[in-house]
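> Provided below are the primary sequence and the corresponding predicted coordinates.
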Amino acid sequence: MKTKSASFWTSALAVWTLAAASAQAPQILAIQEPQKVAVPRQGEVRIALKASMQPGYHANSNTPSESYLIPLRLTWDAQAPLQVVEILYPKPKLEKFAFAGKPVSVLDGEFEIVTRFRRAPNAMPGPAFLQGKLRYQACNDKMCFPPKTLDVKVPLLIQ
Amino acid sequence: MPFRFSMFATVALAASLALAGCASQISKGEPAARRDKNQAERKPAPDFELKDINGKVIRLSDYRGQVVLLNFWATWCGPCKIEIPWFVEFQRTYKDRGFTVIGVSVDEDGWEAVRPFLAGRQVNYPVVVSTPEVEQKYGGVEALPMSFLIDREGRIASTHVGLVAKKTYEDEIRQLLD
């Protein structure tokens, strides 16, 4: 009985600890839920992923100006019914920070990442999903947050 | 085993309680601090064993009797880079009075990222690479830099998340050394 009681309380403490820790992490970058995309038999499809950052924060761009900075990176599932032709990242801003000798390449506010796709040869007509991941690392002028990866899911209608 | 888990949960709880007062400010992206001036209210700093750049094991408990500035940082954290020269200076100034900085890198790539970073800097205090278990013991690393000032009895006297003034650290170090 004593062991069970101790086990309950230790488990409860552990859960509380994890909950307390996760409650601290702010949601800095949000992705707008993508609309359903119709995929024609031929030609390219362009999908724009709309993202917005909380005011006062920035994320490194896909081409950070220092090698130690973690870039923004969008990746798509290789098994998807669409094949990536090109990913077009937004034009970054160059901002000066006290910690860096030269301006840092960042994104803030609202931005779009556009991906050009072509239909995969084996894509079956009908509804499908395209899955991807957006990895980013955000900071403000006083603190940085560990890199985070967001899941991206785009509904498709393969024609 | 249940006892060990219980100890872990209790220590993790203590660390997260130390951070609890900081939570709302961190969620707003503002630097946060918590100070326990009353020694009786201070929580024990969770012990750990981590290796430094030469493979030497660094145990926090080996520094009992000293004032320790335990700094969680990462190579990709800009504000952390501002603090490092301060810590080098603190180490030089206060080492002989029983003070040390311990840098704990949370870089996912570990020494692969940290080694070249340190090569270009004259860091005069021990630097170790963290593990998820150690980070959990300290309430989870949700924002960097995150520093704990630990008194000579191994208790957390203050916690800082985000970049704070150099003078703030120095005043607190002096108070703990006196």
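Ah, there it is.
> all strands of chain A, in order?
A:29-31, A:37-39, A:44-53, A:58-60, A:73-76, A:82-88, A:93-95, A:104-107, A:110-119, A:126-136, A:138-139, A:148-158 (DSSP state E).
> Of those strands, give the one that comes closest to chain B.
strand A:138-139 (5.9 Å; Cβ to the nearest Cβ). C-beta: built from backbone N, CA, C; applies to glycine.
> residues contacting residue 75?
Went with chain A since none was named. Taking Cβ atoms under 8 Å, 6 or more residues apart in numbering or on different chains, we find A:Thr75 in contact with A:132-133, A:135.
> nope, chain B please
B:Thr75 neighbours (Cβ under 8 Å, 6+ apart): A:68, B:105, B:107, B:113-114, B:117.
> ok, and the most crowded of the contacts of A:Thr75?
A:Gly132 (21 neighbours; other Cβ atoms under 10 Å in any protein chain shown).
> Enumerate every residue touching it.
Counting by Cβ under 8 Å, 6+ apart, A:Gly132 has contacts A:74-77, A:151-154.
> Low-confidence ranges, chain A, go.
Applying pLDDT under 70 to chain A picks out residues A:1-26.
> Just give me the residue right at the centre of it.
By Cα atoms, centre = their mean, the mean C-alpha position of chain A lies nearest to A:Leu134, the distance being 2.5 Å.
> Chain B too?
The residue lying closest to the centre of chain B (Cα atoms, centre = their mean) is B:Leu70, at 2.2 Å.
> you'd agree that one is up against B:Val104?
Yes. Using Cβ atoms under 8 Å, B:Leu70 makes contact with B:Val104 at a distance of 6.5 Å.
> Please identify the buried residues of stretch A:42-55?
A:45, A:47, A:49, A:51, A:53-54 (16 or more other Cβ atoms under 10 Å in any protein chain shown).
> ok, now stretch B:99-111?
So stretch B:99-111, judged by 16+ other Cβ under 10 Å, has buried residues B:99-107, B:111.
> in chain B, what residue is nearest chain A?
B:Gly140 (3.2 Å).
> which non-adjacent residue is nearest residue 145?
Since no chain was named, I'll use chain A. What sits nearest to A:Phe145 in space, not counting adjacent residues and going by Cβ to Cβ, 6 or more residues apart in numbering or on different chains, is A:Ala138, at 5.2 Å.
> not what I meant, chain B
Nearest non-adjacent residue to B:Pro145 (Cβ to Cβ, 6+ apart): B:Cys80, at 4.5 Å.
> And the one you found, how close does it get to A:Met124?
Using Cβ to Cβ, to the nearest Å, B:Cys80 is found at 49 Å from A:Met124.
> which one of those two has more residues nearby?
B:Cys80 (25 against 8).
> Give the full set of residues in contact with that one.
Counted by Cβ under 8 Å, 6+ apart, B:Cys80 has contacts A:99, A:144, B:71, B:73-74, B:144-145.
> Identify each buried residue in the host helix or strand of it, please.
B:Cys80 is part of helix B:78-94, with elements assigned from DSSP states H and E. For helix B:78-94, a neighbour-count test (16+ other Cβ under 10 Å) marks B:78-84, B:86-88, B:90-91, B:94 as buried.
> Flag the helix or strand of chain B with the lowest per-element mean pLDDT.
helix B:2-20 (a mean of 49; mean pLDDT, DSSP states H and E).
> How about the secondary structure of B:Val104?
strand (DSSP: H, G, I helix; E, B strand; the rest coil).
> Relative to B:Val57, how far out is it?
14 Å.
> ok, how many other residues are close to B:Pro116?
12.
> what packs against the helix or strand harbouring it?
B:Pro116 is located in helix B:111-119, with elements delineated by DSSP H and E. Judged by 3 or more Cβ pairs under 8 Å, 6 or more residues apart in numbering or on different chains; DSSP states H and E, helix B:111-119 is in contact with strand B:127-129.
> what does the strand it packs on rub up against?
B:50-53, B:58, B:102-105, B:107, B:110-111, B:114, B:118.
> Repeat that for stretch A:84-92.
Residues contacting stretch A:84-92 (Cβ under 8 Å, 6+ apart): A:44, A:61-63, A:72, A:74, A:76, A:105-107, A:111-118.
> which of the residues you listed count as buried?
Here, 16+ other Cβ under 10 Å leaves A:61-62, A:72, A:74, A:76, A:105-107, A:111, A:113, A:115, A:117 buried among the contacts of stretch A:84-92.
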